[in-house]
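*Asks:* When you get a sec, could you give me coordinates for this:
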Amino acid sequence: MNIRLIMKTARSVSLELDDGGIYYTAQKYCLYLNGKEWHTQPAHTVITSLYHLKPDTEYLAEAVDQQGNEAGSLRFRTEQEFITLDVKELGAIGDGESDDTSFIQAAVMACPPKSRVLIPEGTYKITSIFLKSGIYLELAKGARLLAETDRSRFAKFPGMIESYDEQDEYNLGTWEGNPLPMFAGILTGIGVSDVVIYGEGLVDGCASHENWWYNEKVMNGAFRPRMLFLNRCERIKVQGVAFRSSPSWVIHPYFSKDLLFCGLGIQNPQQSPNTDGLDPESCCNVEILGVHFSLGDDCIAVKSGKIYMGRKYKTPSENIHVSQCLMENGHGAVTVGSEIGAGVRNMVVEKCRFSHTDRGLRIKTRRGRGRDSVLDQIVFRDILMDHVMTPFTANAFYFCDPDGHSEYVQSKEPYPVDEATPSMKCFLFENIKASNCHVAAAYFAGLPESKIEKIEMRNCEISFAPQARADVPIMSGGVGACAKRGIYASNIKTLVLDHVAIQGCDGRELELDGVEQVESSMTGEQG
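*Replies:* Modelled structure (predicted):
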């Protein structure tokens, strides 16, 4: 087994226990630090975090298998720490009733660089906490940030503020790809850098259908807050923390770069609206490792703004790496779009598990996203799926926005290629096993005037549940509930099916419409 250092602070470390497992290790391991057993329970996830370490200390980490044999080891030294500010020493009560916002905020603002703000065990009622560059914010085990649900207590971020000379603008608020008013996030970073949020604690948004989720599509004062909102931030790391019951998207990095999200737990009810797990928007150099998602919308959705933001700022999301994650429930496990006005490129999703999601790998766009909306070099590989309705989808007719059902968006006839035409280029799906599927193995629908350049499916095995049900494979006009069981593909220049096996299909393994070139070594077994 290979042990790799993912990240470290003065008091914690995240390791990758690479024994060939996907999210879960192939077997359980006892972990030792400097000869002392560190976990009371054996480690069983590939991405494993250790806490309660000492600053500026040399450690030898050893993994011992169930037979008592050393499986791997790694030496590391924790980072230095200048001081710790305990929020309780600054006045926070932590009783779940008193408003502790100002005391925690005081600790953040008073904290010098390379120092820790400690939120110890307790329940702290808050509105928004604003981050500051250079700090470490630790939510200790048993610490719970309990978010206020009274909208009048939250700051409102305007969508766009015009400069004094009317030559420029400043964007604070955002909602679904547009510059619109929004409430400040529960944890908010604006233009900060070198921040680490870590620990075994919980951020609870306290959202329900009685507060934030009531009339969820209506802007009430401003649009709903995120749990963690990062606007134009750099070098941010988030480790270990659990998030649940979010008012809207849980974690929303926005025009930010060099980000790491490691070993998090993100949980929302299945019936919660617009509660995506982690949505990088116009971000670059993003790593999402070992995160457990269980929620009611897309687990990960990569975006880059709608028409205005994409066309003006031309900032794609790029260099996105997702690995060793577990995605449960949700509409899509990993989604690209649909707010992708500036495109998405160089994205790799690998070594992940998807369970009981509507779709596995979900790509969605539409006419109007614009010529800057280019989706290219997107790779999905080494993935296990179970009870996913439709494992692979690419949809150029996604019916979002007020005009989503219009003839312009939904027409299957070719339109002139112009500045509003998006493009989908190269996608690779490789070494993927999907079991107990429903509806369709794959559903790919490109624009007739801007065909998908190339889709490759290599070493993919899809099997259907014994009682597979009909449902909607993609959200597109004219596509209703069906049970195609095979692969439907339209408007693709090149479709490569290399060792693709479908079991339990109904005999229609492959349906093509407007596909120019097919390379196929596909097999099917009629159920």
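
*Asks:* list the contacts for residue 421?
*Replies:* For residue 421, the contact set (C-beta atoms under 8 Å, 6 or more residues apart in numbering) comprises 367, 370, 371, 415, 447, 449, 450. No exception for glycine: its C-beta is placed from N, CA and C like everyone else's.

*Asks:* Quick one, which of the residues you listed are buried?
*Replies:* Buried by 16 or more other C-beta atoms under 10 Å: 367, 370, 371, 447, 449, 450, out of those.

*Asks:* now the helices for the protein?
*Replies:* Applying DSSP state H to the chain gives helices spanning 101-110, 307-313, 407-410.

*Asks:* between the buried ones among the contacts of residue 421, which is closest to residue 251?
*Replies:* residue 370 (26.2 Å; C-beta to C-beta).

*Asks:* my guess is residue 100 contacts residue 126, does it?
*Replies:* Yes. Counting by C-beta atoms under 8 Å, residue 100 does reach residue 126; the two are 6.0 Å apart.

*Asks:* Which one of those two is surrounded by more residues?
*Replies:* More neighbours surround residue 100 than the other of residue 100 and residue 126, with 26 against 22 (other C-beta atoms under 10 Å).

*Asks:* Tell me the pLDDT of that one.
*Replies:* Listed pLDDT for residue 100 reads 98.

*Asks:* so how far is residue 228 from it?
*Replies:* Taking C-beta to C-beta, to the nearest Å as the measure, residue 100 falls 18 Å from residue 228.

*Asks:* low pLDDT regions in the protein?
*Replies:* 40, 505-508, 525-527 (pLDDT under 70).

*Asks:* run the last query once more with 80
*Replies:* Applying pLDDT under 80 to the chain flags residues 39-40, 483-485, 504-508, 524-527.

*Asks:* What is the longest strand of it by residue count?
*Replies:* Ranked by number of residues, the top strand in the chain under DSSP state E is strand 487-505.

*Asks:* Tell me which strands that strand pairs with, and in which orientation.
*Replies:* strand 442-445 (parallel), strand 452-464 (parallel), strand 510-526 (parallel) (DSSP bridges).

*Asks:* can you pull the contacts of residue 254?
*Replies:* Contacts of residue 254 (C-beta under 8 Å, 6+ apart): 174, 229, 230, 231, 232, 281, 282, 283.

*Asks:* can you put the residues you listed in TSV and add distance to residue 89?
*Replies:* Listed next are the contacts of residue 254 as TSV, based on distance: C-beta to C-beta, whole Å:
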residue	distance to residue 89
174	36
229	28
230	28
231	30
232	32
281	37
282	39
283	36
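
*Asks:* So which of these is surrounded by the most neighbours?
*Replies:* Using other C-beta under 10 Å as the neighbour criterion, residue 282 leads those with 30 neighbours.

*Asks:* returning to what we had before: distance to residue 61 added to the contacts of residue 421, as JSON lines?
*Replies:* Putting these into JSON lines (distance: C-beta to C-beta, whole Å) gives the following:
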{"residue": "367", "distance to residue 61": "52"}
{"residue": "370", "distance to residue 61": "48"}
{"residue": "371", "distance to residue 61": "50"}
{"residue": "415", "distance to residue 61": "58"}
{"residue": "447", "distance to residue 61": "51"}
{"residue": "449", "distance to residue 61": "55"}
{"residue": "450", "distance to residue 61": "51"}
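
*Asks:* with the residues you listed in mind, which one is nearest to residue 204?
*Replies:* Residue 204 has its nearest neighbour among the contacts of residue 421 in residue 370, at 38.4 Å by C-beta to C-beta.

*Asks:* Report the contact partners of the closest one.
*Replies:* Taking C-beta under 8 Å, 6+ apart as the criterion, residue 370 is in contact with 307, 310, 311, 341, 419, 420, 421, 422.

*Asks:* For stretch 207-220, buried residues please.
*Replies:* Under the neighbour-count criterion of 16+ other C-beta under 10 Å, stretch 207-220 has 207, 212, 213, 216 buried.

*Asks:* What is the nearest of the residues you listed to residue 32?
*Replies:* Nearest to residue 32 among these is residue 207, at 40.7 Å by C-beta to C-beta.

*Asks:* For the closest one, give me its contacts.
*Replies:* 149, 213, 245, 246, 247, 272, 275.

*Asks:* tally of neighbours for the last one?
*Replies:* This points to residue 275. Residues within reach of residue 275, counting by other C-beta under 10 Å, total 30.

*Asks:* about what we covered before: export the strands paired with strand 487-505 to TSV and tack on distance to residue 358?
*Replies:* Below are the strands paired with strand 487-505 laid out as TSV (distance: least, C-beta to C-beta, whole Å):
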stretch	distance to residue 358
strand 442-445	12
strand 452-464	15
strand 510-526	21
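
*Asks:* Could you say which of these is packed most deeply?
*Replies:* Scoring the strands paired with strand 487-505 by mean neighbour count under mean count of other C-beta atoms under 10 Å gives strand 442-445 as the most buried, with a mean of 26.

*Asks:* on that earlier part again, ok, and the most crowded of the contacts of residue 370?
*Replies:* Most neighbours among the contacts of residue 370, by other C-beta under 10 Å: residue 341, with 31 neighbours.

*Asks:* Which residues are in contact with the closest residue in space to that one that isn't next to it in sequence?
*Replies:* Using C-beta to C-beta, 6 or more residues apart in numbering and skipping residues adjacent in sequence, the residue nearest residue 341 is residue 310, 2.0 Å away. For residue 310, the contact set (C-beta under 8 Å, 6+ apart) comprises 177, 304, 340, 341, 342, 343, 369, 370, 372, 373.

*Asks:* Assess the claim that residue 47 and residue 263 are in contact.
*Replies:* Yes. Using C-beta under 8 Å as the test, residue 47 is close enough to residue 263 to be in contact (5.2 Å).

*Asks:* what residues are shared contacts of these two?
*Replies:* Counting by C-beta under 8 Å, 6+ apart, the contacts common to residue 47 and residue 263 are 14, 289, 290.

*Asks:* Could I get those in JSON lines, plus columns for neighbour count?
*Replies:* Below are these laid out as JSON lines (neighbours: other C-beta atoms under 10 Å):
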{"residue": "14", "neighbour count": "23"}
{"residue": "289", "neighbour count": "22"}
{"residue": "290", "neighbour count": "26"}
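
*Asks:* Brilliant, that's me finished.
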